[in-house]
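Asker: For reference, the sequence and a predicted model appear below.
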Number of protein chains: 2
Amino acid sequence: MTDNSLPIGVFDSGVGGLTVAREILRNLPNEKIIYFGDTARVPYGNKSADTIIRYSKQIARFLLSKEVKAITIACNTASALALSAVREELDIPVIGVVKPGATAATRETRNNHIGVIGTKGTVNSGLYEKLICDLNPGAEVFSTACPLFVNLVEEGMIDDPITVQMIHRYLDDMIDKNDIDTLILGCTHYPLLLSVLARELGAHRAGDGSASGISLVNPAYETAIALKDMLKANDLLSDRTEPVAPEEHSYYVSDDAATFRRFAEDVLGIRADNVELKVLE
Amino acid sequence: MTDNSLPIGVFDSGVGGLTVAREILRNLPNEKIIYFGDTARVPYGNKSADTIIRYSKQIARFLLSKEVKAITIACNTASALALSAVREELDIPVIGVVKPGATAATRETRNNHIGVIGTKGTVNSGLYEKLICDLNPGAEVFSTACPLFVNLVEEGMIDDPITVQMIHRYLDDMIDKNDIDTLILGCTHYPLLLSVLARELGAHRAGDGSASGISLVNPAYETAIALKDMLKANDLLSDRTEPVAPEEHSYYVSDDAATFRRFAEDVLGIRADNVELKVLE
């Protein structure tokens, strides 16, 4: 029987998964987390399934060695390409971000026209489409990779004229042509563009006379809620009654810890006190 | 005594170093090369010196196992951060791209105001400045990282309005304020922007009344020439009199070979027949 006071393992290709960690900290305040960011090998988005599976298994084994009770794959690309491989390796519950995102989108849509944006790896996997159509066979799903969004976010160019131009270039036609009313932000960095996306896509819609308003689905939030359900179903929710303090969480990175700590604190307001370097090979 | 019919090892974080390979193939047509692109862990530009040194040593040892007579570090970031570490590991000649680039810039400049653009790793290393000032203590060097250029090139956005805007944002002030007459393209991807950079920076200069014309230094070409000198000095130039055929060169990548082959052929016109996957850990 697993001890429910054990921490939850969370991993990502780098800093992006901290958007998922943040939602876990907010929505499961009594749970401790151990986060691994593969900052030495980031990004995963353009790399092959074989490589992503190999890296994900290494990280999952590392987290298991730290005695976690469950694992959240915070990276959309790794969730899309490596979730079943990681599940096969481990006998603890493992959750990815794709299914919670797909579930929320089928709940949100009114016209069953759903858009998915993510990395090339996530989009090419076709997993969002598959899961959405399993949930709602009448849904139509339109996907496009927006590879530059990650770089723009990491350069701090969140509300920037260049980012605004790229939003319109990647998305205007796709949304108009397919009359999309719900868009899944299928990459951990994209929630950081949430308000710019909402403003730009809303303004675009209103300007060209099509239905205004487009629901933006953030799989990070949905995953935290699904994680809570999964822990409950497995009798693994922590018994603690007081919230976990920031210094009780642990963070590991495969490259420079200082850069990671800065991003966590400046961009996401996460106080990452314990960041350790851990080379995985 | 090393056999001068052995190949030359060339390595890079990914595909970018093929710009250096291309110059070697053009300028040393009788030499065989073995290229390694670390596509599973690309990019190196934003990562720490420790990580870059570790990866570079692994790759150098792999190339040595393939019996190369000399090594060219085609990546500016790895040349800036790991050249001496790699030299310490090996007893064959090793050359990087930074010194040939620095040497060419001191030869080209008329007013001794030299600009350097590259990744954050290359710029923060300060190596271009150091080598330029060793060669010409009167030179003034101004550096800036242009991290998005790599992503824009890899997305095929070479002559694109977004790339043009980023060129002016990164460079106009730096060039004007410091009256730069020579600019080193200190990242393997940047030579692919050569004609756009020349047009945009030239137009900017002419438009604002400052001296027109700015020399763009391509370390890839300079490195091929310096490699030839290094081989000659070590009595390692190939005795072959007929050029090496494309299928005699070998290429290794740490991620998906198909993507690499496509970039080599489509973007650089290099026929990479023998591309093999080689996981390094």
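Answerer: In hand now; what should we look at? Keep in mind it's a predicted model, so treat the numbers as computed, not measured.

Asker: wouldn't A:K99 be in contact with A:L131 here?
Answerer: Yes - A:K99 is within contact range of A:L131, at 5.6 Å (criterion: CB atoms under 8 Å). Just so you know, the C-beta spots here come from the backbone N, C-alpha and C atoms, and that holds for glycine as well.

Asker: Do you know the pLDDT at the closest residue to chain B within the stretch 101-250 of chain A?
Answerer: Across the stretch 101-250 of chain A, no residue is closer to chain B than A:N151, which sits at 4.4 Å (CB to the nearest CB). A:N151 is assigned a predicted lDDT (pLDDT) of 96.

Asker: Please, which helix or strand holds it?
Answerer: With elements taken from DSSP states H and E, the one containing A:N151 is helix A:148-154.

Asker: Also A:F11?
Answerer: A:F11 is located in strand A:8-12, with elements delineated by DSSP H and E.

Asker: Also A:A105?
Answerer: With elements delineated by DSSP H and E, A:A105 resides in helix A:98-108, which encompasses its position.

Asker: Check A:I53 too.
Answerer: A:I53 belongs to helix A:49-65 when assigned by DSSP H and E.

Asker: coming back round to it: can you list the strands that the strand holding A:F11 pairs with?
Answerer: For strand A:8-12, sheet partners with direction are given as strand A:33-37 (parallel), strand A:70-73 (parallel), following DSSP bridges.

Asker: Looking at the ones you listed, which one is packed in the most?
Answerer: With neighbours defined by mean count of other CB atoms under 10 Å in any protein chain shown, none of those is more surrounded on average than strand A:70-73, at a mean of 27.

Asker: Show the average pLDDT along it.
Answerer: On average, strand A:70-73 scores 98.

Asker: cool, and stretch A:215-231?
Answerer: Stretch A:215-231 shows a mean pLDDT of 97.

Asker: quick check, distance from that stretch to the centre of its chain.
Answerer: Averaging C-alpha positions (CA atoms, centre = their mean, to the nearest Å) puts stretch A:215-231 9 Å from its chain's average.

Asker: Identify each buried residue in it, please.
Answerer: Of the residues in stretch A:215-231, those scored as buried under the neighbour-count criterion (16 or more other CB atoms under 10 Å in any protein chain shown) are A:215-227, A:230-231.

Asker: Among these, which ones are in strands?
Answerer: Using DSSP state E, the members of these that fall within strands are A:215-217.

Asker: which non-adjacent residue is nearest the spatially most central residue of chain A?
Answerer: For chain A, the residue lying nearest the average C-alpha position, counting by CA atoms, centre = their mean, turns out to be A:T188 (3.9 Å). Here the nearest residue to A:T188 in space, its sequence neighbours aside, is A:G16; by CB to CB, 6 or more residues apart in numbering or on different chains that works out to 3.3 Å.

Asker: do the worst-scoring helix or strand of chain A on mean pLDDT and chain B meet?
Answerer: Ranked by mean pLDDT, DSSP states H and E, the helix or strand of chain A with the weakest confidence is helix A:194-207, at a mean of 83. No - judged by CB under 8 Å from any CB of the partner chain, helix A:194-207 stays clear of chain B, getting no closer than 15.3 Å.

Asker: Quick check: which ranges of chain A have low pLDDT?
Answerer: Using pLDDT under 70 as the threshold, the predicted model of chain A has low-confidence ranges A:1, A:204-212.

Asker: Return the residues of it in contact with chain B.
Answerer: Counting by CB under 8 Å from any CB, the residues of chain A close to chain B are A:39-41, A:46-48, A:50-51, A:54, A:147-148, A:151-152, A:154-155, A:161-162, A:165-166, A:254-256, A:259, A:279, A:281.

Asker: Report the buried members of those.
Answerer: A:39-41, A:46-48, A:51, A:54, A:147-148, A:151-152, A:154-155, A:162, A:166, A:254-256, A:259.

Asker: A:L185 contacts A:S195, correct?
Answerer: No - at 11.8 Å, A:L185 and A:S195 do not qualify as touching, with contact defined as CB under 8 Å.

Asker: looking at this, A:P137 is in a helix?
Answerer: No - A:P137 is assigned coil when assessed by DSSP: H, G, I helix; E, B strand; the rest coil, not a helix.

Asker: Cool, thanks, talk later.
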